[in-house]
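>>> Need coordinates for the below:
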Amino acid sequence: MPSPIPRPDDPSTVSPHSQASAPTVLKIVIAGGFGAGKTTAVGAVSEITPLSTEEYLTEASADVDSLAGLASKRTTTVAFDFGRLSLPAAPVPLELFLFGTPGQDRFVDLWYDLSRGAVGAVVLVDTRRLESSFTPVSFFEDIGLPFVVAVNQFDGAHRYHPEQVRAALELPAAVPVVTCDARDTNHVAGVLLALVDHAVNCATTNRAGHTPSTTLQDA
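Next up, the predicted model:
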């Protein structure tokens, strides 16, 4: 996990006391399969108008972007979503920069760029289309970036216990699995805090004497 990046301030206009309480800025990736709710999650929690790169789905993508179970979906992210969330009341004041990835496997090369410098990732899971979650899970395992799995509880979808999802995705016990509604601000904020806590624990474990593998954010 890279060292937190202090938020830049103008030393001439900021007192030493306010500099000491400046929030820690962390980059977080919001990933998941096509239609898992990434854009919705970023929009639900962002305190600014999110930057979105959504485009309308067309017939040209029909053979590669299956809409099974997503009959109402009309757009898809083609680059990334960006949002920001400030948590001044956290034990350590935080400012989170959120980057939502495009969900399709053909955008994996872009996931590398979006993950550079991140402290961790959230993998949103749609249990109606669980197979779409294997690629993002494997991706973050391969690059060594801490991540949590958040089961997005869509209306009408069967409710599985988190441990059932863990078994289905073959996740190690150390990876947190939580449930959420990606439309709910408090739910999404809770998932982000769970990720920060997990990333801190991973960094602490590494400093305690375990040799971490080389990760993308260290490159």
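
>>> quick one: the strands in the protein?
Taking DSSP state E as the criterion, the chain carries its strands at 5-6, 24-32, 54-56, 75-77, 81-87, 94-100, 120-125, 147-152, 177-180.

>>> hey, which of these is tucked in deepest?
Of the strands of the chain, the one with the most neighbours on average (mean count of other Cβ atoms under 10 Å) is strand 120-125, at a mean of 27. (Glycine included, C-beta is placed from N, CA and C.)

>>> Surely residue 83 and residue 40 touch.
No. Applying Cβ atoms under 8 Å as the test, residue 83 and residue 40 come out as separate, 11.1 Å apart.

>>> ranking the strands of the chain by mean pLDDT, which is last?
Among the strands of the chain, strand 5-6 carries the lowest mean pLDDT, at a mean of 40.

>>> count of neighbours near residue 49?
When counting by other Cβ atoms under 10 Å, one arrives at 8 neighbours for residue 49.

>>> what's the spacing between it and residue 42?
11 Å (Cβ to Cβ, to the nearest Å).

>>> quick check: longest helix of the chain.
Counting by DSSP state H, the longest helix found in the chain is helix 185-207.

>>> What residues sit buried inside it?
For helix 185-207, a neighbour-count test (16 or more other Cβ atoms under 10 Å) marks 187, 188, 189, 191, 192, 194, 195, 196, 198, 199, 202, 203 as buried.

>>> coming back round to it: out of the strands of the chain, which is closest to residue 162?
Nearest to residue 162, of all the strands of the chain, is strand 177-180, at 4.1 Å by Cβ to Cβ.

>>> Who are the packing partners of the closest one?
Counting contacts by 3 or more Cβ pairs under 8 Å, 6 or more residues apart in numbering; DSSP states H and E, strand 177-180 packs against strand 147-152, helix 162-169, helix 185-207.

>>> Now with 10 Å, please.
The contact analysis (3 or more Cβ pairs under 10 Å, 6 or more residues apart in numbering; DSSP states H and E) places strand 177-180 against strand 120-125, strand 147-152, helix 162-169, helix 185-207.

>>> Among those, which comes closest to residue 21?
helix 185-207 (17.9 Å).
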